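Enquirer: Based on what follows, work out the 3D shape:
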Amino acid sequence: MTPSSSAPTSSPSTASVAATPTGGPRRFGSLGPVGLVLAGGVSVQFGAALAVTLMPRAGALGVVTLRLLVAALVLLVVCRPRLRGHSRTDWGTVVAFGLTLAAMNGLFYQAVDRISLGAAVTLEFLGPLALSVLASRRAVNTVWAALALAGVFLLGGGDFGDLDPAGVAFALGAGAMWASYIVFSARTGRRFPQADGLALAMAIGALAFLPLGIAESGTRLLDPVTVGLGAAVALMSSVLPYTLELLALRNLPASAFAILMSLEPAMAALAGFLILDQTLSALQALAVALVIAASMGAVRTQVGRGRASTP
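Expert: Numbering: from 1, shown residues only. You can find the predicted model right below:
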């Protein structure tokens, strides 16, 4: 995560952006909000490509464990969230958010361990795309859904014979968790100030995933090189993109942000090609383009509906 990795309608930072003070480092802001979002997307996907190269050393679950632990430590130090004064419902929401975050990352890394990065992100993107289509409830969204399904059909070569079935299942599961992540991210953002909820959720997800990482990787998680590469994955896939998105969303409409995020499958395919030497066939490249087009269309439809209903 992807995830970030975020979705056609939300991101780890969108839930808390309203409560975040304006301003921010000029060195990031000078890139412009669009540049910040694109830089964050590139960072996420190249971080995922780096994670694939780390998997032979630490295993897929071990890489997820290192990513979550390092990201949690950085966010806890930076945000210093307050632990007291929250209701039982607040804690229930942030725990659900943390577990969803861990599941999303775990399933996605299992997917990229079996199929190409571009294919995994494209399949994963169906989760937030489906959420966007269902939330809009307009007839035109059947067109976007059909376009996305056509893309998925082409991605699998017509029968998914070219893709590992387990990898496809893991990617689709990650997409379902991504859609859930959007919902819980928004709820957590309403209950916790700034990025406190994200920091707590990341810590909960890291603790929940730690036994799985230890069971698969054991002492390999203590290797200095592995720890260093895992920290790089965490910074590239979580800390840096969340920060860039947070700064961008202070001046960028959520609709424009969502459309830019729709480019992530293409960014993933580029990262897979440059770092992992993973190439897509002409049909698979067309499939990625169809899913991107469907996502952009669904977002624009939802934005248009919102404008029409505004007095």
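Enquirer: Would you mind finding the longest helix in the protein?
Expert: Looking across the chain with DSSP state H, the single longest helix is helix 33-79.
Enquirer: State the mean pLDDT of the very next helix or strand once past that helix.
Expert: Using DSSP states H and E, the helix or strand that follows helix 33-79 towards the C-terminus is helix 88-112. The pLDDT scores in helix 88-112 average 93.
Enquirer: Which strands or helices does helix 88-112 pack on?
Expert: Counting contacts by 3 or more CB pairs under 8 Å, 6 or more residues apart in numbering; DSSP states H and E, helix 88-112 packs against helix 33-79, helix 117-124, helix 165-191, helix 196-217. C-beta here means a position set from N, CA and C on the backbone, and glycine is covered the same way.
Enquirer: Kindly reformat those helices as a markdown table containing mean neighbour count, distance to residue 289 and mean pLDDT.
Expert: A markdown table is the format used below for the helices and strands packed on helix 88-112 (neighbours: other CB atoms under 10 Å; distance: least, CB to CB, whole Å; pLDDT from 0 to 100):
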| stretch | mean neighbour count | distance to residue 289 | mean pLDDT |
| --- | --- | --- | --- |
| helix 33-79 | 22 | 16 | 89 |
| helix 117-124 | 30 | 10 | 83 |
| helix 165-191 | 21 | 18 | 88 |
| helix 196-217 | 22 | 32 | 92 |
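Enquirer: related to what we said a few turns ago, distance between the longest helix of the chain and the chain's centre?
Expert: With CA atoms, centre = their mean, to the nearest Å as the basis, helix 33-79 stands 10 Å off its chain's centre.
Enquirer: do stretch 273-291 as well
Expert: Using CA atoms, centre = their mean, the offset of stretch 273-291 from its chain centre is 19 Å.
Enquirer: What average pLDDT does it get?
Expert: 78.
Enquirer: how long is it end to end?
Expert: 19 Å (CA to CA, to the nearest Å).
Enquirer: That one: which residues count as buried?
Expert: 273, 275-276, 278, 280, 284-285, 287-288, 290-291 (16 or more other CB atoms under 10 Å).
Enquirer: Could you work out the most separated pair of those?
Expert: Maximum pairwise distance among these (CB to CB): 24.5 Å, between 275 and 290.
Enquirer: Dump stretch 121-128 to PDB, keeping only the CA atoms.
Expert: Output of stretch 121-128 as PDB, limited to C-alpha atoms (Å, rounded to 0.1, in the frame of the first residue of the first chain):
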ATOM      1  CA  VAL A 121      -1.900  -2.400  -7.800                       C
ATOM      2  CA  THR A 122      -4.500  -2.400 -10.600                       C
ATOM      3  CA  LEU A 123      -6.400  -5.300  -9.000                       C
ATOM      4  CA  GLU A 124      -6.100  -3.700  -5.600                       C
ATOM      5  CA  PHE A 125      -7.500  -0.400  -7.000                       C
ATOM      6  CA  LEU A 126     -10.800  -2.100  -7.700                       C
ATOM      7  CA  GLY A 127     -11.700  -1.900  -4.000                       C
ATOM      8  CA  PRO A 128     -11.700   1.900  -3.700                       C
END
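Enquirer: can you offset everything so residue one is 9?
Expert: With 9 as the first residue, the last one maps to stretch 129-136.
Enquirer: Please compute how far that stretch lies from its chain's middle.
Expert: Its chain's C-alpha centre and that of stretch 129-136 lie 10 Å apart, by CA atoms, centre = their mean.
Enquirer: Tell me which of the helices and strands packed on helix 96-120 lies nearest to residue 158.
Expert: Taking CB to CB, helix 125-132 is the member of those nearest to residue 158, at 12.3 Å.
Enquirer: Output the contacting helices and strands for the closest one.
Expert: Using 3+ CB pairs under 8 Å, 6+ apart: helix 125-132 touches helix 41-87, helix 96-120, helix 149-163, helix 173-199, helix 272-284, helix 290-316.
Enquirer: Mind putting those into JSON lines with distance to residue 216?
Expert: Listed next are the helices and strands packed on helix 125-132 as JSON lines, based on distance: least, CB to CB, whole Å:
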{"stretch": "helix 41-87", "distance to residue 216": "9"}
{"stretch": "helix 96-120", "distance to residue 216": "5"}
{"stretch": "helix 149-163", "distance to residue 216": "30"}
{"stretch": "helix 173-199", "distance to residue 216": "13"}
{"stretch": "helix 272-284", "distance to residue 216": "25"}
{"stretch": "helix 290-316", "distance to residue 216": "30"}
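Enquirer: ok, now which ones touch residue 199?
Expert: With contact taken as CB atoms under 8 Å, 6 or more residues apart in numbering, residue 199 is in contact with 94, 97-98, 101-102, 205.
Enquirer: residues contacting the closest residue to residue 130 other than its chain neighbours?
Expert: Nearest residue to residue 130, sequence neighbours excluded (CB to CB, 6 or more residues apart in numbering): residue 273, at 4.3 Å. Applying CB under 8 Å, 6+ apart to residue 273 gives the contacts 126, 129-130, 133, 296, 299-300.
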